[in-house]
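Visitor: here is the input, now give the coordinates:
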Amino acid sequence: MKVEYVTPFVAGSIKVMQLLLQLTPSRGQLSARPQVFTTQQVNIVCGITGDIEGQVIYGMSVRTADKIAGIMIGSPVQTFDALAASAIAELGNMISGNSVTMLAQQGFNCDITPPTIVKGSNVKITTLDIPALVIPLQLQDVGDFEVNVSLQERKARAAA
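Guide: Residues are numbered from 1 along each chain as shown. This is a model prediction of the structure:
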């Protein structure tokens, strides 16, 4: 996977978190996985279509999701309910939107799909067989936030 596909998602995550949460995450060690996979309990799945295609999954623990949603909503979250899920989905939407804008500045024409919240442990998504790069971000006093980027250049379609 090309670094120019990954960098906008890291930069977009940091930018949105600074804006919404008033926190600057620190970046952990980059790792690779043979396909998209997450061990996080709360995941935001965003599809990317266009010149580049694939998926980005933003993952975190329920505790971290509750804290992030609480900051976004303006009051503590006691239970990860529909309002908290909506806030977390919007976080993924904003990060992906910012990231796709950065990709457009590099000359890639892409769109995002509406975010989907997937809750549970050991989630495995295999719609495309594309390796994933995983970028962990740490938010002080909030928790860990994982960015899984699994993108490739769109394959040329045969003329009908």
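Visitor: check what pLDDT Asn122 gets.
Guide: Note on Asn122: pLDDT of 70.
Visitor: that one - how many residues pack around it?
Guide: 9 (other C-beta atoms under 10 Å). C-beta here means a position set from N, CA and C on the backbone, and glycine is covered the same way.
Visitor: and it, what are its phi and psi?
Guide: For Asn122, the backbone dihedrals are phi 50, psi 50 (criterion: degrees, to the nearest 10).
Visitor: how much space between it and Leu83?
Guide: Counting by C-beta to C-beta, to the nearest Å, the separation of Asn122 from Leu83 is 26 Å.
Visitor: got it, and Cys110?
Guide: Using C-beta to C-beta, one gets 30 Å for the distance from Cys110 to Leu83.
Visitor: who has more neighbours out of those two?
Guide: Cys110 (20 against 14).
Visitor: who's in contact with the more buried one?
Guide: Contacts for Cys110 (C-beta atoms under 8 Å, 6 or more residues apart in numbering) come out as 48-52, 100, 103-104.
Visitor: from those, list just the buried residues.
Guide: In the contacts of Cys110, burial by neighbour count holds for 48, 52, 100, 103, counting by 16 or more other C-beta atoms under 10 Å.
Visitor: neighbours of Gly120, just the number please.
Guide: Other residues within reach of Gly120 by the criterion other C-beta under 10 Å amount to 10.
Visitor: now it. Nearest residue, chain neighbours left out?
Guide: In this structure, Gly120 finds its nearest non-sequential neighbour in Gln41, 6.8 Å apart by C-beta to C-beta, 6 or more residues apart in numbering.
Visitor: where do the helices sit along this protein?
Guide: Along the chain, counting by DSSP state H, helices occupy 3-21, 62-73, 82-105.
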